[in-house]
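Trainee: Structure for this input, please:
(2 chains)
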Amino acid sequence: MAPALVIAAHGSHLNAESSTPTYTHADTIRATGAFAEVRESFWKEEPSFREALRTVDADEVYLVPLFISEGYFTEQVIPREFRLGGWDPDLWSSDGTSATHATLTADDTGQTVHYCGPVGTHDAMSDVIVQRAESVTGDPDIGEGVGLAVVGHGTERNENSAKAIEYHAGRIRDRGRFDEVQALFMDEDPEVDDVTEYFESDDIVVVPLFIADGFHTQEDIPEDMGLTDDYRLGYDVPTAVDGHDIWYAGAVGTEPLMADVVLERAADAGADVEAAIEQVRERTSGANPAAGD
Amino acid sequence: MHGDHVDALVATAPDGIAFDDLRVDREGDRYAFETPEETHGALNEDDLRAVAADSPFVRNWYFWHAVAPQKADRWAFLRWLEDAEETALERRLENLADGVVSEWGQLRVTATVDDGGERRYHVRHVDDARADPAALTAHEDPRAARDLAKHDERGRYRPLKSAPTLRTGWRFADRSAADLVETVETFYPASVANWHREREGELDVTHWHETVERQTGIYGVVQTWDRGEGYEHVNWVAEACCADSQCLKRREWHYDDETELDVDGGDGVVPCREPCSVVIAAARQWTKLESEESRTYEFELTPSEKEQVEGIVDAVADGSVGDIREADVYEDANRYRARFLRAKRFDGEGNLSGAPTDRDGGE
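Mentor: Purely as a prediction, here's the structure:
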């Protein structure tokens, strides 16, 4: 029997749209027919992490966390709740941004689970950030004369949270496409509040490395950057702040190309999904973000 | 499935078939074919094909082995929908011709059969049982259930799929077995799997204490609420969150595997196998609130005001505040009545009867 894909995402008790990107990317992958089944599962919604595996028929499952960083959720919560027997974070042998996959057996269902690193630290995520910059500016060649800010939460409970932001900012900087690339944070220096101080370029594209739009991406960050005094009144894209034009992209996780990163994670763990990857890249390149915003 | 059922039967016959009143046995290089309607022996393959072609028993066998989802729980659910284990096929086909109705949470599922023996299913809200189909919005894609399940009738987000607040006004008509299962599982995720596990005696219940012990991060604090001094607090949680008025799953978890809770678990067809994330998130807040000691306050209220306070708590707890009419001043939780009580009994700081909360003081 063909394997199944299970996507593990956070979800929300309060925000109805938190799960929308997860469903959208799952639908994109479902349409490729690469897996016998594609199942969304959530920490805060249903099916829960605890009960998702029993809802798929396959004996073999690729489990991909739709999370940004490696740490508490990917190393503790998801393996525990999915009952992945014998899990140890060392199995990923990661330095914080280099998780691979581990093959384990679920204690309750006996299914073979290829537990993959989160989408957020996969190299393909750098491409999604760049594509997000293209989407928000409507310019497929965006880069020259432009600064790119990759924004993350910051350390809070997890030092790897900042590592993932810096990792992708560094990779995109090395490509030389944008004049400047800077990692910024909500709760540590360099802070997103001072975004204009970190760039010489007139145009600054700001891409938050979040899975779903919500409180942080729709309220905090726009207000912190001075795009608006009150998020409820909205803001223009771009908005002029301190003599710069700020192109604020909203959560990167709503970019359709995210489906590709999910597939890349499964492919790295051994899933035969090359054709699906081609198909998804073709479908989602330059697509308009339709998910969750 | 034109002729497919015959090809499949011929391919399987050498191994013998015994299913739903159909029997095919190999006898040397010939076959015996038996149903309640007809018995044949010494059939060669062509004879077998001729006998099988129009047999509803063969079409039924084919549906259950080649069309219906084969995952054990999905298959068992579909069988349950037409009471297949208790009712002979001839009777079942008559029933299916009229439509066999089952309820699953707030879903009303009607199983029917087409001329080829393939089951077709219809789903609508239980409260729409008698609604004119034309008055209900028709859907085909099981994923439409996602949006239907997301908000209640008043547009409020439903974080708990098994809350009895599913909106009405829609229907899924003439769906295949696979689509039906997917639709049901979208409205009520994991319900089929857990229902089946329970029927098989394999439901893996995780009780409260064990669930709480597993928590880490911001939910780890809930562990401190179990102090080894009884389980009354868990009774309160279950009464608050798990009654049928709040969740249609039947709670099968208790305090631990030796200590049953005293409150009713509900009557739902789908079992609840462990405290859900909504319960744990609420328990985190209660753990914090319940760390406070009781105090004695002195409030001055008329007897009717005391009853009004109780009535307001009841109305909020029962979710009936929205049903109280604007000018129905006979209701304790009427807005004008509550505003009058506030005007009269709260001081400038919002203290009831002017009694300060005095968080840090006390005895």
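
Trainee: Which helix in the chain has the most residues?
Mentor: Going with chain A. In chain A, ranked by residue count with DSSP state H as the criterion, the top helix is helix A:159-175.

Trainee: my bad, chain B
Mentor: helix B:303-317.

Trainee: what packs against it?
Mentor: With contacts taken as 3 or more C-beta pairs under 8 Å, 6 or more residues apart in numbering or on different chains; DSSP states H and E, helix B:303-317 sits against helix B:335-345. For glycine as for every other residue, the C-beta is placed from the backbone atoms N, C-alpha and C.

Trainee: So which elements touch the helix it packs on?
Mentor: helix B:303-317.

Trainee: and the angle for the helix it packs on with helix B:335-345?
Mentor: 130 degrees (axes from the mean of the first three to the mean of the last three C-alpha atoms, to 10 degrees).

Trainee: in helix B:303-317, what's buried?
Mentor: B:Glu305, B:Gln308, B:Val309, B:Gly311, B:Ile312, B:Ala315 (16 or more other C-beta atoms under 10 Å in any protein chain shown).

Trainee: ok, now stretch A:153-170?
Mentor: For stretch A:153-170, by 16+ other C-beta under 10 Å, it's A:153-154, A:158, A:160-169.

Trainee: Which stretches in the stretch 51-200 of chain B count as strands?
Mentor: B:100-104, B:107-113, B:119-125, B:137-139, B:170-175 (DSSP state E, counting those that start in this stretch).

Trainee: Okay, now the sheet partners of the fourth one, with direction.
Mentor: Read that as strand B:137-139. Strand pairing for strand B:137-139, using DSSP bridges, gives strand B:170-175 (parallel).

Trainee: Now for A:Arg265: which residues touch it?
Mentor: Taking C-beta atoms under 8 Å, 6 or more residues apart in numbering or on different chains, we find A:Arg265 in contact with A:Tyr62, A:Val64, A:His101, A:Cys116, A:Gly117, A:Pro118, A:Val119, A:His122.

Trainee: With B:Val269 instead?
Mentor: B:Val269 neighbours (C-beta under 8 Å, 6+ apart): B:Glu103, B:Trp104, B:Gly105, B:Trp195, B:Arg250.

Trainee: just A:Val192 next, same as before
Mentor: Here A:Val192 is in contact with A:Ala149, A:Val151, A:Leu184, A:Phe185, A:Met186, A:Val206, A:Ile221, A:Asp224, A:Met225 (criterion: C-beta under 8 Å, 6+ apart).

Trainee: Grab the nearest non-local neighbour of it.
Mentor: A:Leu184 (4.4 Å; C-beta to C-beta, 6 or more residues apart in numbering or on different chains).

Trainee: And for A:Asp272?
Mentor: Here the residue nearest A:Asp272, using C-beta to C-beta, 6+ apart, is A:Ala34, at 7.8 Å.

Trainee: three-state assignment of the one you found?
Mentor: coil (DSSP: H, G, I helix; E, B strand; the rest coil).

Trainee: Determine the number of other residues adjacent to it.
Mentor: A:Ala34 has 24 neighbours, counted by other C-beta atoms under 10 Å in any protein chain shown.

Trainee: ok now do it, which residues does it touch?
Mentor: A:Leu5, A:Leu263, A:Ala271, A:Asp272, A:Val273, A:Ala275, A:Ala276.

Trainee: pLDDT at it, what is it?
Mentor: Here the pLDDT value assigned to A:Ala34 is 97.

Trainee: and the residue sitting furthest away from the middle of chain A, what is it in contact with?
Mentor: Distance from the centre of chain A peaks at A:Gly243, with 30.5 Å (C-alpha atoms, centre = their mean). The contact partners of A:Gly243, by C-beta under 8 Å, 6+ apart, come to A:Thr196, A:Asp202.

Trainee: re the thing from before, and the buried residues of stretch A:153-170, which two are the farthest apart?
Mentor: A:Asn158 and A:Ala169 (17.5 Å; C-beta to C-beta).

Trainee: Run through the residues of chain A sitting next to chain B.
Mentor: A:12-16, A:23, A:27, A:43-48, A:50-52, A:54-55, A:57, A:72, A:76-77, A:80, A:108, A:157 (C-beta under 8 Å from any C-beta of the partner chain).

Trainee: If any of these are buried, put those into a ChimeraX selection.
Mentor: With 16+ other C-beta under 10 Å as the criterion, this ChimeraX line picks the buried residues out of those:
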select /A:12,15,23,43,44,45,46,47,48,50,51,52,54,55,57,72,77,108
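
Trainee: need the residues of chain B near chain A, please.
Mentor: B:69-71, B:73-74, B:143, B:146, B:150-151, B:157, B:159-162, B:185, B:189-190, B:192-194, B:197, B:204, B:214, B:216-217, B:273-274, B:276-278, B:281.

Trainee: Next step: those residues restricted to helices.
Mentor: B:73-74, B:146, B:150, B:185, B:192-194, B:197, B:214, B:277-278, B:281.

Trainee: Nearest to B:Glu331 among those residues?
Mentor: B:Val278 (28.7 Å).

Trainee: Could you tell me how many residues sit around A:Asp213?
Mentor: Neighbours around A:Asp213, by other C-beta under 10 Å: 23.
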